[in-house]
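In: have a look; sequence and predicted model below, questions after that.
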Amino acid sequence: MNLRTRVMIIGGVVGALLGVSAAHLYLRSVSIEVDGEGQERLPSIQPGKALTVGLGLLTVLKHITGLGQSPEKGQGRGRKR
């Protein structure tokens, strides 16, 4: 098995575990409503909160893509102006 395949499999497994954990935490944090027909329903998510979570996920992905890049001279946090 080559390196790319191993990285993709490990990333997929880690992503699946994180997704299930996030769903579990979300279900623990909200109250499940039952309608008149006995159907369980989750409360609607506020658009502002959904946007905040989405932007946070994009930030995490940006940081992950930057892990493999070496810092260039004059770039990064230690840069003086």
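Out: Alright, I've got the coordinates. As the structure is a computational prediction, the values presented were derived from the model and not from experiment.
In: so which residue is dead centre in this structure?
Out: Compute the mean C-alpha point of the chain, and by CA atoms, centre = their mean the closest residue is residue 57, 4.5 Å away.
In: now residue 49: how far from residue 37?
Out: Distance check for residue 49 against residue 37: by CB to CB, to the nearest Å, it reads 28 Å. Glycine gets a C-beta too; all of them are placed from N, C-alpha and C.
In: just give the nearest non-adjacent residue to residue 40, would you?
Out: residue 32 (5.2 Å; CB to CB, 6 or more residues apart in numbering).
In: sorry, back to before: who has more neighbours, residue 49 and residue 37?
Out: residue 49 (9 against 5; other CB atoms under 10 Å).
In: so which strand or helix has the more buried one?
Out: helix 47-65 (DSSP states H and E).
In: hey, C-alpha coordinates of that helix in CSV?
Out: The C-alpha coordinates for helix 47-65 follow below in CSV (Å, rounded to 0.1, in the frame of the first residue of the first chain):
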residue,chain,number,x,y,z
PRO,A,47,-28.2,30.8,10.4
GLY,A,48,-25.6,32.9,12.3
LYS,A,49,-24.5,29.9,14.3
ALA,A,50,-24.3,27.7,11.2
LEU,A,51,-22.2,30.3,9.5
THR,A,52,-19.9,30.5,12.5
VAL,A,53,-19.4,26.7,12.6
GLY,A,54,-18.8,26.6,8.8
LEU,A,55,-16.2,29.4,8.9
GLY,A,56,-14.5,27.6,11.8
LEU,A,57,-14.3,24.4,9.8
LEU,A,58,-12.9,26.2,6.8
THR,A,59,-10.2,27.7,9.2
VAL,A,60,-9.3,24.3,10.5
LEU,A,61,-9.0,23.0,6.9
LYS,A,62,-6.8,25.9,6.0
HIS,A,63,-4.5,25.2,9.0
ILE,A,64,-4.4,21.5,8.0
THR,A,65,-3.3,22.3,4.4
